[in-house]
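S.K.: Sharing a model prediction with you, sequence too.
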Amino acid sequence: MRYIPPSIEPLMLLATAATGAIIGFAPLQQIAASMVGRAGIGNLVAVNLLLPLASIAGAVVFPRYRTAIGGGLLVVVGFTVARLLLAQPRFWSWSVPFVAAQVSPILVAAAFGCMVFGAVAAALTQTVRRAGSPPPLYATCVHCGYELLGPHGQQQASARCPECGEILISSSTSYTRDDADRSSRN
């Protein structure tokens, strides 16, 4: 299993929003109008193909549910903001009626679709990649995190942590809580 450092999560969210903006700024309507003769095909390709693919790609790169769902929403928000900027570059003059007139209900549905596609992609990817730190390959104290290695790299067989004194219960040794209590009384 491959682990991805959690420190790149904000960068992934920013990248998904930027990807949505790039798709929004792309001249897909002009390309579709010149190739097919219908400008609406460009929106169809962007909303139904490119935005979900961007959401899936973000979830595969960083497979964490909250990032996948947030990335699915942000890719559509980036797309919408780019389209609004194309319609009216002076964003300070935007009003609520202007934004409401420009945002289609299809984009709202696309946001939910991208969030679902991202979550499913994250769930499928988590079998081979995880976001976070890998589990330690050695025993550590649950209370203080002290590495419980003996002199030659072998796990210590004592019932207490030498650092904090916490009673240890380890499945790799034969100790149970009763054994630890008995050894502490002796």
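M.R.: Nice, thanks for sending it over.
S.K.: Which stretches in this protein count as helices?
M.R.: 9-25, 28-35, 40-45, 51-61, 65-87, 96-102, 105-125, 177-185 (DSSP state H).
S.K.: any idea which of those helices is most buried?
M.R.: Stretch with highest mean neighbour count among the helices of the chain: helix 51-61 (a mean of 23; mean count of other CB atoms under 10 Å). Using the backbone N, CA and C atoms, a C-beta is placed for each residue, glycine as well.
S.K.: I'd say T16 and G71 touch.
M.R.: Yes: when contacts are counted by CB atoms under 8 Å, T16 is listed as touching G71 (3.8 Å).
S.K.: would you turn the helices of the chain into TSV with distance to G145 and mean pLDDT?
M.R.: TSV is the format used below for the helices of the chain (distance: least, CB to CB, whole Å; pLDDT from 0 to 100):
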stretch	distance to G145	mean pLDDT
helix 9-25	23	93
helix 28-35	52	82
helix 40-45	51	86
helix 51-61	30	93
helix 65-87	25	93
helix 96-102	50	91
helix 105-125	29	93
helix 177-185	19	42
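S.K.: For C144, find the nearest of those helices.
M.R.: helix 177-185 (16.3 Å; CB to CB).
S.K.: list the contacts for the residue nearest the centre of the chain?
M.R.: Nearest residue to the geometric centre of the chain (CA atoms, centre = their mean): T67, 2.8 Å. Applying CB atoms under 8 Å, 6 or more residues apart in numbering to T67 gives the contacts 9, 12-13, 58-59, 122, 131.
S.K.: how about a markdown table for the helices of the chain, with distance to E147 added?
M.R.: Listed next are the helices of the chain as a markdown table, based on distance: least, CB to CB, whole Å:
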| stretch | distance to E147 |
| --- | --- |
| helix 9-25 | 27 |
| helix 28-35 | 55 |
| helix 40-45 | 54 |
| helix 51-61 | 32 |
| helix 65-87 | 31 |
| helix 96-102 | 55 |
| helix 105-125 | 31 |
| helix 177-185 | 19 |
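S.K.: who wins for proximity to Y146 among the ones you listed?
M.R.: Taking those one by one with CB to CB, helix 177-185 is closest: 16.2 Å.
S.K.: Hmm, R64 is touching A131, no?
M.R.: Yes: between R64 and A131 there is a contact at 4.2 Å, judged by CB under 8 Å.
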